[in-house]
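K.L.:
got a predicted model here, sequence first, then my questions.
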Amino acid sequence: MAALAVVALLPAVIAVAQLGRIHPDEVFQALEPAYWRVHGYGVLAWEWRDGIRNWAVPGVLAAFLKLAGMLGITDPQGYRAVTAVPQLALHAWSLWAVYRFTARRTGVSGGWLAVLLVGLYGPVLVFAGRTLAESFSTSFLVVAMEALDRRERETRAGLLGGAALGLAVVTRYPSAICVLTALLYLLVARRWRMLAFTCLGGLVVAAGLGLLDHLTWGSPFHSFFTYVRFNVLSGEAAARFGSAAPGFYLLPLVTAVPGWAWVAVPLGLGAGRRGVSLPLTCAAVYLGVLLVTAHKEERFLYPALVLGVLAAAPVVANLLTTRVPPSARWGVTAMALVTGLVSARWFPPQDLRADQFRAIVASTRMGGATGLLIVNEGLWGSGGFFYLGQRIPWLTCDWPRDDAFQRGLRDRTFNRAVSFEDRALPELQAGGFRIEKRIGRETLLVRD
């Protein structure tokens with residue numbers, strides 16, 4: 001259990017120590033709405049005006065943000081650590097589910113090996129501590145996969161699996177693909193009792209979502225129906241954010257799936273009497289839907305990657321614990337873990353801009369900040385008020401000629417500046433700023 005706790009803690013430690021963001025949604029669909037809930041000010045993205053999101057995740061994060069305030073934690077990195085606590089607990093729960101899912105097939109030693117294989121998988125280390133919808137939802141899906149795999153106490157397992165599936169959808173609506181797949185899987189397997197109680201558990205969560213939307217948006221399931229209209233029925237998502245051919249996902253798949261999983265997934269297709277596992281089925285169907293969906297982003301692959309690795313873990317664990325000679329077992333296991341770790345190098349492929357977020361935190365941590373100018377970054381790439389931690393004006397711009405830059409230079413209220421890769425550094429210094437420190441590729445400047 002100690003090993004599980006350590007492995008579960010790693011993504012949270014990485015996210016809090018590193019800061020940055022995989023995608024703007026990490027800030028503006030979770031942390032910033034939570035900050036707005038607690039403090040009454042913040043940047044609300046268009047989704048929170050149109051009602052395309054529900055308040056479940058920001059509501060939970062807001063509760064922990066309030067707790068941080070009660071404890072006197074006002075440093076942005078400090079209260080970011082407090083808001084990581086519920087996600088840390090969820091991730092630990094999902095790793096326990098990985099253990100149970102694998103131990104059921106390979107025994108105790110295989111179960112703990114699977115915890116290492118999945119928990120130290122590169123994309124899991126990167127995503128599982130990040131406040132992205134994909135991160136929350138995938139953890140709930142893993143919990144659901146294990147619960148629905150049980151053959152004992154099916155009433156309890158079905159209720160748990162259904163609730164976890166429901167929460168996977170609440171935290172990310174596209175996970176409904178996996179929910180429908182799971183229900184069809186149980187139907188084909190004729191597991192009637194499990195199916196009935198899975199539906200019941202899911203309906204309880206659905207009722208909670210309906211009530212939440214009624215209280216926050218004025219009508220039950222407002223956010224769900226608005227989301228479906230925008231992303232599925234209208235085609236606006238592809239028109240606004242772009243579309244791509246199925247080949248878009250080829251390179252991320254090749255680089256993100258570890259070598260051992262490429263070997264294990266085909267072997268797992270004929271996993272004895274059990275047949276194709278539920279996680280593998282859900283991963284395949286979900287990936288198929290992604291391929292035909294017009295709007296594509298690399299992060300959308302994360303649920304499929306984790307479910308695929310979950311399906312592969314028992315096969316690999318069985319090979320390592322029963323077929324590899326004891327003399328070579330440690331070396332082969334280490335190689336498998338390394339192949340999983342190195343995939344974090346390419347997935348996600350975007351620049352996390354972690355040094356920029358650390359520089360923003362440092363700009364107010366030193367005290368005396370009355371305004372901040374961020375050079376070479378747009379609004380949605382910034383850390384919002386959450387990482388600023390104070391109600392002071394701040395501007396983003398790309399070039400010295402931009403109006404925001406000129407305004408920040410003229411107005412002495414803006415006495416802090418952060419420049420990416422020394423963009424506009426001579427102009428900032430000519431305007432009275434001096435270099436305070438360098439944080440990675442960022443330069444933090446101050447002026448009296």
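P.N.:
Sure, I can see it.
K.L.:
what about the chain, any weak spots by pLDDT?
P.N.:
By pLDDT under 70, the low-scoring segments of the chain are 237, 265-275.
K.L.:
could you rerun that using 50?
P.N.:
270-273 (pLDDT under 50).
K.L.:
domains for it, by residue range?
P.N.:
2-345, 354-446 (automatic domain parsing).
K.L.:
dump those domains to CSV, plus mean neighbour count.
P.N.:
C-beta: built from backbone N, CA, C; applies to glycine. Output for those, formatted as CSV (neighbours: other CB atoms under 10 Å):
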stretch, mean neighbour count
domain 2-345, 19
domain 354-446, 19
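K.L.:
isn't residue 66 right up against residue 34?
P.N.:
No - counting by CB atoms under 8 Å, residue 66 sits too far from residue 34 to count as a contact (9.4 Å).
K.L.:
for the two, list the residues in contact with both.
P.N.:
Among the neighbours of residue 66, none is also in contact with residue 34 (CB atoms under 8 Å, 6 or more residues apart in numbering).
K.L.:
can you give me the distance of residue 238 to residue 303?
P.N.:
Distance of residue 238 to residue 303, computed by CB to CB, to the nearest Å: 20 Å.
K.L.:
hey, C-alpha coordinates of stretch 24-41 in CSV?
P.N.:
Extracted in CSV, the C-alpha atoms of stretch 24-41 (Å, rounded to 0.1, in the frame of the first residue of the first chain):
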residue,chain,number,x,y,z
PRO,A,24,-5.8,26.3,-21.4
ASP,A,25,-8.8,24.3,-20.2
GLU,A,26,-6.7,23.1,-17.3
VAL,A,27,-6.9,26.7,-15.9
PHE,A,28,-10.0,28.2,-17.4
GLN,A,29,-12.4,25.3,-17.2
ALA,A,30,-11.4,24.2,-13.6
LEU,A,31,-9.1,26.4,-11.5
GLU,A,32,-10.2,29.8,-12.7
PRO,A,33,-14.0,29.1,-12.3
ALA,A,34,-13.3,27.8,-8.8
TYR,A,35,-11.3,30.9,-8.0
TRP,A,36,-14.2,33.0,-9.2
ARG,A,37,-16.6,31.1,-7.0
VAL,A,38,-14.5,31.7,-3.9
HIS,A,39,-13.4,35.3,-4.5
GLY,A,40,-16.1,36.7,-6.7
TYR,A,41,-13.8,37.7,-9.5
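K.L.:
for residue 104, which residues are in contact?
P.N.:
Neighbouring residues of residue 104 by CB under 8 Å, 6+ apart: 111, 149-150.
K.L.:
just give me the closest of these to residue 287.
P.N.:
residue 149 (20.1 Å; CB to CB).
K.L.:
the closest one and residue 334: what is the separation?
P.N.:
Noted for residue 149: a distance of 28 Å to residue 334, by CB to CB.
K.L.:
what of residue 409?
P.N.:
54 Å.
K.L.:
again, but for residue 102
P.N.:
Residue 102 is 19 Å from residue 334, by CB to CB.
K.L.:
same question for residue 388.
P.N.:
Distance from residue 388 to residue 334, by CB to CB: 43 Å.
K.L.:
now swap in residue 384 and tell me
P.N.:
41 Å.
K.L.:
and for residue 377?
P.N.:
According to CB to CB, residue 377 stands 40 Å off from residue 334.
K.L.:
what sits against the closest residue to residue 300 other than its chain neighbours?
P.N.:
Among residues not flanking residue 300 along the chain, residue 290 sits closest, at 5.7 Å (CB to CB, 6 or more residues apart in numbering). Residue 290 is in contact with 249, 296, 300-301, 304, counting by CB under 8 Å, 6+ apart.
K.L.:
please apply the same query to residue 418.
P.N.:
By CB under 8 Å, 6+ apart, the contact list for residue 418 reads 356, 359-360, 363, 372-375, 442-445.
K.L.:
gap between the two ends of stretch 221-234?
P.N.:
Stretch 221-234 has an end-to-end distance of 18 Å (CA to CA, to the nearest Å).
K.L.:
neighbouring contacts of that stretch?
P.N.:
Outside stretch 221-234, the residues touching it (CB under 8 Å, 6+ apart) are 50-54, 173-174, 209-210, 213-214, 217, 236-237, 295.
K.L.:
gap between that stretch and the chain center?
P.N.:
Distance of stretch 221-234 from the chain centroid (CA atoms, centre = their mean, to the nearest Å) equals 21 Å.
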